[in-house]
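Structure for the following, please:
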Amino acid sequence: MHKDATVICFALLVAIVVLSGCTSSGSTAAAAPAPGGQIRAQDPILGVWRYNSSTGFDTRIRFNSDGTCVESVTDQKGTSISPGTWIALGNNSYTERTTGVAGSNTWIFSPDRNGIYLTKIPDMLLTPYRGDVAAVAFTPPRVSRDGIPDKVITQLD
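Numbering: from 1, shown residues only. The predicted model follows:
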């Protein structure tokens, strides 16, 4: 039961962050990467990390060596994609800022647990993932018109 409550809390946190980005009237500029665009080829946070719950909640984040990142969050309502930037703070601690959203998230890399977690939700561990963040695609709905079943309508007459 505790794990389900943690998942629900994380889903609500992500939804608040995403929604606040949609309503923000401030600057949409993301935080700059490390000075001089420093390549972080040896940083342990590089790559894709994933948390997938039994309730259908899936979050993935990819940290790139150029200081950019992208996060996907999938739940029963669909998938959202959020780009951003990140910087290393030292001691396996990282700040991630989502483009267009005020505030930031602090991630901790845990070598002992082989994963990363948000300081706000330490029980939710994201582990290394060989795939990528989720993609968002749109497929036109299939409808019947003029007696032809399952015709894909792409324009209105």
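
And the helices in this protein?
Counting by DSSP state H, the chain has helices at residues 2-23.

Low-confidence ranges, it, go.
Filtered on pLDDT under 70, the chain yields the residue ranges 1-40, 136-157.

in the longest strand along it, what counts as buried?
Assignment by DSSP state E gives strand 78-90 as the longest strand of the chain. Under the neighbour-count criterion of 16 or more other CB atoms under 10 Å, strand 78-90 has 80, 82, 84, 85, 86, 87, 88 buried. From N, CA and C alone the C-beta is placed, and that goes for glycine too.

can I get the residues you listed in JSON lines with distance to residue 64?
JSON lines is the format used below for the buried residues of strand 78-90 (distance: CB to CB, whole Å):
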{"residue": "80", "distance to residue 64": "19"}
{"residue": "82", "distance to residue 64": "14"}
{"residue": "84", "distance to residue 64": "10"}
{"residue": "85", "distance to residue 64": "9"}
{"residue": "86", "distance to residue 64": "9"}
{"residue": "87", "distance to residue 64": "12"}
{"residue": "88", "distance to residue 64": "13"}
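
how close does the spatially closest residue to residue 64 that is not a sequence neighbour sit to residue 102?
Closest residue to residue 64 apart from its sequence neighbours, by CB to CB, 6 or more residues apart in numbering: residue 46 at 7.2 Å. Using CB to CB, to the nearest Å, one gets 26 Å for the distance from residue 46 to residue 102.

Quick check on those two: which one has the bigger neighbour count.
residue 46 (15 against 12; other CB atoms under 10 Å).

Residue 82 reaches residue 61, doesn't it?
No. Residue 82 lies out of contact with residue 61 (CB atoms under 8 Å); the separation is 9.1 Å.
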